[in-house]
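In: Provide a 3D model corresponding to the input given below.
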Amino acid sequence: MKPLNLLATAGLTFAAFAAHPASAQDAKAVTAASPDGSIVLTVSTDNDSRPTYSISRKGKLLIAPSKLGFVLTDGLNMARGFSITSSETARGNDTWEQPWGERRYVKDSYNQITVRFQQGPTYGERRMNVTFRLFDNGVGFRYEIPEQPGLKTMKIAEETTEFDIVPKGTAWWIPGGEWNRYEQVYQQTPIDAVSTAHTPITMKLEDGTHLSFHEAALVDYAGYWFKRADGQKFRTTLSPSSRGARVVRDLPFATPWRTIRIADNAAGLVDNDLELNLNEPNKLGDVSWVKPARYIGIWWGMIRNDWSWAEGPKHGATTERTKQYIDYAAQHGFRGVLVEGWNKGWNGDWFGHGDEFSFTQATPDFDIEAITKYARKKGVRLIGHHETGGNIANYEAHMDEGFALYQKLGVDTVKTGYVADGGGVIANTDAPGAPVGPLRMEWHDGQRMVQHHLAVVEDAAKHHIAIDAHEPVKDTGLRRTYPNWVSREGARGMEYNAWGTFANGPEHEPTLVYTRMLSGPMDFTPGVLSLEGANGPLASTLAKQLGLYLAIYSPIQMAADFIEQLDKYPREMNFIESVPTDWSESHLIAGEVGDYAIFARKDRGSQRWFVGGVNDATARTVTLKFDFLDAGKSYKASVWKDGEGATYLTEARHKIAYDTKTVRKGDTMDVWLAPGGGTAIRLEPGR
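Out: Numbering: from 1, shown residues only. The predicted model follows:
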């Protein structure tokens, strides 16, 4: 896509930067400000000659002086003995177009400063640059290590990057470095009670300011965990590596951006494209072959243990059943049918092993060529599946032939999986394509897996295949650079609701909106209209299952229930069949972190709007304002909402009410949200 209204400039100074000498030997400090002046950055060195930065907003200190630098495994640390040698500024003001997404056009306006540090002679006179990019709604910064004598390869044990948060407040977070990766229930605690957290981690300060700490453009580097050092001071801690050094990079290189979203309220935190803007533009060229769409699948039956991935009498992925799902998809307007367990390798103990998986050989009861041919006649595409069992040694050796087969058969979307405990990924090379060595164990978000995921996405792109990664590395906005990286899991999804009564809890989804979803699309797999898992009911009303399609964004959206169950709810299916997966605009119009979230989204392919979202366990009435509509038009509002007395706690979870109204710009609507409830509204323009 070509950028619109390209106004970006580089290398220019401007008044917003109060003190930034272009060549200031041993400068004590440099400062910079966001375009609107509300965020002010100060970069300096402390009494031990350690680089520091601090951030103020609206005249109040937000991040106290916090250290920058590296700990190395094979030399003196790059943490002390620094002075500022020079700095340079730039700014950008651009609007660029997404090929798909929550909104079509993204505004990218920032002020930037690059500060050059150099250590003294006793530290080898090593050089380190730090670039800060200041937006009106946040800050991103990264290290840039230039070519220099005496330092060819950096072996990084740890960063010393700090975030010393000044105001008190509340945090929503999940622990980092645990066996179950990102698939955990979110905790709500005071900021100073956080231990080690995954990012994004979200905070609400006492004055109402909202923060989210994360990273952008995670490429050939370890993902970081947000570790409390003391009080409200946090440090990055890099995901481990089997090689000892957590990151090994030849110079020159740049780290991922460390990001801080900053907003006055929850909506400002959500309607924020900070990480996307810190990624490079699309590298793939024409990506018209990436198709946002709805899908169904042979999946929920395995999750509930009604069917099996393994061959045998309960095998889910049979030719006959797949044709039934293809017929249903064609009848109800679903583009895709996901089929898991179609290939050889599922027999036996594959969890955390994966060495027997084939990505080209089908089971005897699954005729993949006949099925894909049948699907094409019906206007439906098979969604492929590559489970690895966390064995990337096996997958990297065979994934290209797997993608080639899918391309030949017309399969253009693939769900990948890495089911293994944290620290249990099996690798046998230092990088994709490197010489093979002994097997060793890696973390899902370590440097080796970051390299792997990008290699998968790049190889898939050669075959015009989009990737939906499960058990992934966290999203850091790379979908801008690689638009075939359409979705990921990376949190507790719908499957947990099959494994225990109220397994996720009613507050889970309205917390995801303000935490996990700040990183990017999630394949949450909504649409379990029966509201029944294997071991009890979901913490959801029927209306909430519809609201999930607006609250949890993904360009590929599943209706996850058995097709026999979906058939029992024709009025709900009328909404699911109509809800888009690609938007021209998206706005959070009502919500608070962890409590509830209501979105308004405009269909990219029409003038229709859709409004809806999800609630926690507290019943509430929300007033929705239709300020986003076009003036002078009336809209037919078809409403699905919690029925009187609905609650996730009893059989009343299936109580749902329907309404039809006419609304115009400026109108309001009061909507009652049940405990564990939600709502969905379709707005069709009239004359």
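In: make it CA atoms for all contacts and neighbour counts henceforth
Out: Fine.
In: now name the helix or strand holding residue 384.
Out: strand 381-387 (DSSP states H and E).
In: can you give me the buried ones in the helix or strand following that strand?
Out: Next helix or strand after strand 381-387 toward the C-terminus (DSSP H and E): helix 392-409. Buried residues in helix 392-409, defined by neighbour count with 16 or more other C-alpha atoms under 10 Å: 392-396, 399-400, 402-407, 409.
In: follow-up on the earlier one: what sits up against the strand holding residue 384?
Out: Here strand 381-387 makes contact (C-alpha atoms under 8 Å, 6 or more residues apart in numbering) with 335-341, 354, 357, 359, 372, 375, 406, 410-419.
In: quick check: residue 301 vs residue 123, distance?
Out: Going from residue 301 to residue 123 by C-alpha to C-alpha, to the nearest Å gives 61 Å.
In: between those two, which one's more packed in?
Out: residue 301 (21 against 16; other C-alpha atoms under 10 Å).
In: is it true that the more buried one touches residue 317?
Out: No. Using C-alpha atoms under 8 Å, residue 301 is not in contact with residue 317; the gap is 10.2 Å.
In: what about residue 285, is that helix, strand or coil?
Out: coil (DSSP: H, G, I helix; E, B strand; the rest coil).
In: what's it sitting at in phi/psi?
Out: phi 80, psi -140 (degrees, to the nearest 10).
In: neighbours around it, how many?
Out: Neighbours around residue 285, by other C-alpha under 10 Å: 11.
In: determine which two of the buried residues of helix 392-409 are furthest apart.
Out: 393 and 409 (25.3 Å; C-alpha to C-alpha).
In: and the pLDDT for residue 502?
Out: Among the per-residue scores, residue 502 shows a pLDDT of 87.
In: just the element for the nearest residue to it once chain neighbours are set aside, please.
Out: Computed as C-alpha to C-alpha, 6 or more residues apart in numbering, the closest residue to residue 502 that is not its neighbour in sequence is residue 539, at 4.7 Å. Residue 539 belongs to no helix or strand when elements are defined using DSSP H and E.
In: does residue 539 really touch residue 676, like I thought?
Out: Yes. If you go by C-alpha under 8 Å, residue 539 and residue 676 touch, sitting 6.0 Å apart.
In: who's more crowded, those two?
Out: residue 676 (32 against 27).
In: contact partners for that one?
Out: Residue 676 is in contact with 506-507, 539-541, 544, 614-619, 647-648, counting by C-alpha under 8 Å, 6+ apart.
In: what's the answer for residue 566, then?
Out: Here residue 566 is in contact with 528-530, 573 (C-alpha under 8 Å, 6+ apart).
In: mind exporting stretch 642-651 as PDB, just the C-alpha atoms?
Out: Output in PDB follows, covering the C-alpha atoms of stretch 642-651 (Å, rounded to 0.1, in the frame of the first residue of the first chain):
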ATOM      1  CA  ASP A 642     -28.700  -9.800  27.500                       C
ATOM      2  CA  GLY A 643     -32.300 -10.800  28.300                       C
ATOM      3  CA  GLU A 644     -33.900  -9.800  31.600                       C
ATOM      4  CA  GLY A 645     -32.300 -11.800  34.400                       C
ATOM      5  CA  ALA A 646     -29.500 -13.200  32.300                       C
ATOM      6  CA  THR A 647     -26.300 -14.200  34.200                       C
ATOM      7  CA  TYR A 648     -23.400 -16.400  33.500                       C
ATOM      8  CA  LEU A 649     -24.000 -18.200  36.800                       C
ATOM      9  CA  THR A 650     -27.200 -20.100  36.000                       C
ATOM     10  CA  GLU A 651     -29.200 -21.500  33.000                       C
END
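In: now do it: distance to the chain's middle.
Out: Offset of stretch 642-651 from its chain centre (C-alpha atoms, centre = their mean, to the nearest Å): 31 Å.
In: equivalent analysis for stretch 664-677, please.
Out: Per C-alpha atoms, centre = their mean, the centroid offset for stretch 664-677 relative to its chain is 28 Å.
In: which residue is the nearest non-sequential neighbour of residue 124?
Out: Spatial nearest neighbour of residue 124, chain neighbours left out: residue 150 (7.8 Å); criterion: C-alpha to C-alpha, 6+ apart.
In: err, residue 142, not the other one
Out: Nearest to residue 142 is residue 257, by C-alpha to C-alpha, 6+ apart, at 4.5 Å.
In: isn't that neighbour up against residue 278?
Out: Yes. Using C-alpha under 8 Å, residue 257 is in contact with residue 278, at 7.3 Å.
In: any shared contact partners between these two?
Out: Both residue 257 and residue 278 are in contact with 140, 216-217, where contact means C-alpha under 8 Å, 6+ apart.
In: now, those residues that are in strands?
Out: Those of the shared contacts of residue 257 and residue 278 mapping onto strands are 140, 216, per DSSP state E.
In: what's the PyMOL line that selects buried ones from the shared contacts of residue 257 and residue 278?
Out: To isolate the buried members of the shared contacts of residue 257 and residue 278 in PyMOL, using 16+ other C-alpha under 10 Å:
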select buried, resi 140+216+217
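In: possible to save the shared contacts of residue 257 and residue 278 as CSV with pLDDT?
Out: What follows is the shared contacts of residue 257 and residue 278, written out as CSV (pLDDT from 0 to 100):
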residue, pLDDT
140, 99
216, 99
217, 98
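In: of the shared contacts of residue 257 and residue 278, which is the nearest to residue 428?
Out: residue 217 (25.2 Å).
In: I figured the closest one hits residue 256, correct?
Out: Yes. Applying C-alpha under 8 Å as the test, residue 217 and residue 256 come out as touching, 5.2 Å apart.
In: list the contacts for residue 127?
Out: For residue 127, the contacting residues are 116-119, 145-146, 148, by C-alpha under 8 Å, 6+ apart.
In: quick check: which ranges of the chain have low pLDDT?
Out: Along the chain, the model assigns pLDDT under 70 to residues 1-27, 687.
In: redo that, cut-off 90
Out: Across the chain, the ranges flagged by pLDDT under 90 are 1-28, 150, 500-502, 687.
In: ok, now how distant is residue 576 from residue 615?
Out: For residue 576 relative to residue 615 (C-alpha to C-alpha), the value is 19 Å.
In: residue 416 now?
Out: Distance from residue 416 to residue 615, by C-alpha to C-alpha: 30 Å.
In: quick one: which of these two has more around it?
Out: residue 615 (32 against 20).
In: grab the nearest non-local neighbour of that one.
Out: Using C-alpha to C-alpha, 6+ apart, the closest residue to residue 615 is residue 596 (4.3 Å).
In: cool, residue 423 as well?
Out: Nearest one to residue 423, counting by C-alpha to C-alpha, 6+ apart, is residue 443 at 3.9 Å.
In: just list the residues touching that neighbour, thanks.
Out: Counted by C-alpha under 8 Å, 6+ apart, residue 443 has contacts 239-241, 422-425, 449.
In: restricted to buried residues, select these in PyMOL.
Out: Applying 16+ other C-alpha under 10 Å to the contacts of residue 443 leaves a buried subset, and the PyMOL line that selects it is:
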select buried, resi 239+240+241+422+423+424+425+449
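In: tabulate the contacts of residue 443 (JSON lines), appending distance to residue 49 and secondary structure.
Out: Shown next, in JSON lines, are those (distance: C-alpha to C-alpha, whole Å; DSSP: H, G, I helix; E, B strand; the rest coil):
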{"residue": "239", "distance to residue 49": "27", "secondary structure": "coil"}
{"residue": "240", "distance to residue 49": "28", "secondary structure": "coil"}
{"residue": "241", "distance to residue 49": "30", "secondary structure": "coil"}
{"residue": "422", "distance to residue 49": "38", "secondary structure": "coil"}
{"residue": "423", "distance to residue 49": "36", "secondary structure": "coil"}
{"residue": "424", "distance to residue 49": "40", "secondary structure": "coil"}
{"residue": "425", "distance to residue 49": "40", "secondary structure": "strand"}
{"residue": "449", "distance to residue 49": "35", "secondary structure": "helix"}
